[in-house]
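[1] Give me a 3D structure for the following:
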Amino acid sequence: MEGVGDLYLPPAPDGQLPCVVLCHGFSGTMDRLFPHAERFAAEGVAALVFDYRGFGESGGEPRQLADIYGQQEDLRAAIAFARRSEHVDLRGVMLWGNSLGDAHVISVAAGDPEIVAVVAQIPFNGFPKRVEGRSTWQTLRLLRAIGWDALRGKLGLRPCYIPMVGRPGELAVAATAEAGQHIQALSSGEATTLWRNRVAARALLSMMRYHPEQAAVRLTMPLLVCVAADDHETPIETTRALAERAPRGELRSYPGTHFTFYTDSATREHVLTDQIAFVRRCLQQG
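    Below is the predicted model:
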């Protein structure tokens, strides 16, 4: 299985540089993080983006299946690649994650004390007990799809796919009033992105038991958690525990919802500016 990634460097790199490894979310692909990588590189920090197995440009079957432990292995491989690069200071590697990617960067960093800093943006920390706007019937439909696909997985059959994002009332991982705008943002320039609005439903079963706050207590490096005040997908009531349990955790809240981080350019710029300042501070302290 071949993993694919891109290493972004400043226009005129001088010696070995600190490097941030960026991890996309549940259904994402690395091309959605190119603007973030470009911004870090412009600030003098190398940035590595990559696709998990089964997503985007990376190999692996079945496609669009978020394998938690497989993705953690892919992240460790990306870290190892960065540390081997002639352009990277192996003592200056940091991790950045978005949504499910946050769970991975926290879990992996907990076992790698050489990581300098971790940034977690709208992080996943287990599913909320109730998703606002989702009826009991809609929840049962989703659980049935998860169970059916999990059974297919045990039988060695191809996945049963469902949309990642849908409109209210539709069968999807996230079905909200903002879905139309979010789909448009992710699908714009379809020829240049490999993101697809479908995921293997069976992946959600293992995510039900995935709680990165259990790993956050073992972090030895600073952790910045950036959350949306009105997030219904990864609500602040759940995600703030990551910053509270991490020995060196910080929590910053921004106006908007989970999807505001994707669709609102002003919010993205504000958050990224704060994250770069945090990274610089950690590098200076280190």
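
[2] Distance across stretch 212-220, terminal residue to terminal residue?
    Start-to-end span of stretch 212-220 (Cα to Cα, to the nearest Å) is 15 Å.

[3] tell me how far stretch 45-64 is from the chain's mean position?
    Centroid separation for stretch 45-64 versus its chain: 12 Å, with Cα atoms, centre = their mean, to the nearest Å.

[4] Using neighbour counts, pick out the buried residues of that stretch.
    Within stretch 45-64, the residues that qualify as buried are 45-56, 58, 60, 63-64, counting by 16 or more other Cβ atoms under 10 Å. Any C-beta I mention is one placed from the backbone N, CA and C, and that applies to glycine too.

[5] Dump the one helix or strand A41 maps to to CSV, restricted to CA.
    Using DSSP states H and E, the element containing A41 is helix 34-42. What follows is helix 34-42, C-alpha atoms only, in CSV (Å, rounded to 0.1, in the frame of the first residue of the first chain):
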residue,chain,number,x,y,z
PHE,A,34,-3.0,22.8,0.8
PRO,A,35,-3.8,26.4,1.8
HIS,A,36,-2.9,25.7,5.4
ALA,A,37,0.4,24.1,4.4
GLU,A,38,1.2,27.1,2.1
ARG,A,39,0.5,29.5,5.0
PHE,A,40,2.8,27.6,7.4
ALA,A,41,5.5,27.5,4.7
ALA,A,42,5.2,31.2,4.2
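
[6] Run the chain-centre distance for that helix.
    What separates the centre of helix 34-42 from the centre of its chain is 16 Å, taken as Cα atoms, centre = their mean.

[7] other SSEs contacting the helix or strand just after that helix?
    Where DSSP H and E defines the elements, the next helix or strand beyond helix 34-42 is strand 46-51. Contacts defined by 3 or more Cβ pairs under 8 Å, 6 or more residues apart in numbering; DSSP states H and E place strand 46-51 against strand 4-8, strand 17-23, helix 34-42, helix 68-84.

[8] which other residues reach the shortest one?
    In other words, strand 4-8. Strand 4-8 is contacted from outside by 19, 30, 34, 37-38, 40-41, 46-51, 56-59, 78, 81-82, 85, 87, using Cβ atoms under 8 Å, 6 or more residues apart in numbering.

[9] ok so, going back, what residues of the helix holding A41 count as buried?
    Neighbour-count burial for helix 34-42 flags 34, 36-37, 39-41 (criterion: 16+ other Cβ under 10 Å).

[10] So which residues of the protein form strands?
    Shown for the chain, the strands assigned by DSSP state E span residues 4-8, 17-23, 46-51, 88-98, 118-121, 161-162, 165-166, 174-175, 199-200, 223-228, 249-254.

[11] Flag the shaky bits of the stretch 51-200 of the chain, pLDDT-wise.
    130-133, 179-191 (pLDDT under 70).
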